[in-house]
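Novice: Fold the following.
(2 chains)
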2 protein chains.
Amino acid sequence: MTVQTRLSLEDLAVGDEFRSGEHALDEAQIIEYAREFDPQPFHLDASEAESSFFGGLAASGWHTASITMRLLVDSVPIGNGVIGAGGEIAWPRPTRPTDVLHVVSTIREIRPSRSRPDRGIVTMECLTLNQDGETCQRFVPQLVVLRRGEDA
Amino acid sequence: MTVQTRLSLEDLAVGDEFRSGEHALDEAQIIEYAREFDPQPFHLDASEAESSFFGGLAASGWHTASITMRLLVDSVPIGNGVIGAGGEIAWPRPTRPTDVLHVVSTIREIRPSRSRPDRGIVTMECLTLNQDGETCQRFVPQLVVLRRGEDA
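Specialist: Alright, predicted model coming up:
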């Protein structure tokens, strides 16, 4: 836990932006994740991947999502945690072993919960970008954010 | 690689259902994934999780998604692989250390690609269910499926 300000619903505004640190990928990480969770040839073996749909080794989309989550946890200081109820996810281009990823998160909408007065639902747009500014993942989650004094 | 029939676009029909095998979770797996990708107290420590939003240890949603992908790879035998361009994801309830997960995938829509005649886009609904039939994750991906003879 870092000693930074933890944010409640009242502290957030549409347009607020959070920039993460960087995560450098490599072939070993891609293969390690794929062995456990997504064992398909284009995520497991660089030479087999050459002749595949991806034309070269690519990270599992879920690996990109997992790294994105790690970067979000370290860059979006919401008091009750980064808790998503769900959202839309897209992978416009493959994540490659040479990619260095970072995430830019922007608040797009804030609305009070209808059923629970202690919280709101915050729509965020989280772009996972590589070192050339190309978007490897776009995730638009609905986050649950508690009001001040309600942080668990 | 198993020696099962690999399916092309022509082999798929709306309503086709695929049922996966099972994956039994436990506290150690949840904590191991969380340490690497989602280090928040409610995913890392059962006693801290008690007083959190989740009221007990819960798997990261991305861990549930990763396990789901593993179950999909083993149960949806598409010739060119299970390749998602993106989709909608939701976690209606937390995944718990005692959960035994399986995935039921149903084809909801099939449409030819407008720009690429060698492929189609298949909308699938993938429900990740626990041992009590409760939905821990709903994922509705757009899959890229090649026509026969186009399998890489």
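Novice: Check what contacts the longest helix along chain A and list those residues.
Specialist: Ordering each helix of chain A by length in residues (DSSP state H) puts helix A:61-73 first. For helix A:61-73, the external contacting residues (Cβ atoms under 8 Å, 6 or more residues apart in numbering or on different chains) are A:20-21, A:23, A:25, A:29-30, A:33-34, A:37-38, A:43, A:82, A:89, A:91, A:95, A:101-103, A:105, A:126, A:128, A:136-137, A:139, B:33, B:36-40, B:60, B:62, B:65-66, B:69, B:84, B:86. C-beta here means a position set from N, CA and C on the backbone, and glycine is covered the same way.
Novice: With only the CA atoms kept, save the following helix or strand past it in CSV.
Specialist: Counting by DSSP states H and E, the next helix or strand C-terminal to helix A:61-73 is strand A:84-90. Extracted C-alpha coordinates of strand A:84-90, given in CSV (Å, rounded to 0.1, in the frame of the first residue of the first chain):
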residue,chain,number,x,y,z
GLY,A,84,-15.5,-3.6,-11.7
ALA,A,85,-19.0,-5.0,-12.2
GLY,A,86,-18.2,-5.6,-15.8
GLY,A,87,-17.8,-3.7,-19.1
GLU,A,88,-16.9,-3.9,-22.7
ILE,A,89,-13.5,-5.1,-23.8
ALA,A,90,-11.8,-5.1,-27.2
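Novice: How about strand A:84-90 and chain B, touching?
Specialist: Yes. Using Cβ under 8 Å from any Cβ of the partner chain, we find that strand A:84-90 touches chain B at A:G84, A:A85, A:G86, A:G87, A:E88, A:I89, A:A90.
Novice: Show the buried residues in those residues.
Specialist: A:G84, A:G86, A:G87, A:I89, A:A90 (16 or more other Cβ atoms under 10 Å in any protein chain shown).
Novice: what sits opposite the closest residue in space to the fourth one that isn't next to it in sequence in the beta ladder?
Specialist: By the measure of Cβ to Cβ, 6 or more residues apart in numbering or on different chains, the closest residue to A:I89 outside its immediate chain neighbours is A:F139, 4.8 Å from it. According to DSSP bridges, the partner residues bridging A:F139 are A:I89, A:C126.
Novice: Indicate each strand paired with the helix or strand harbouring A:S105 and its parallel or antiparallel sense.
Specialist: A:S105 is located in strand A:100-112, with elements delineated by DSSP H and E. Sheet neighbours of strand A:100-112, with direction, are listed as strand A:17-19 (antiparallel), strand A:23-24 (antiparallel), strand A:119-129 (antiparallel) (DSSP bridges).
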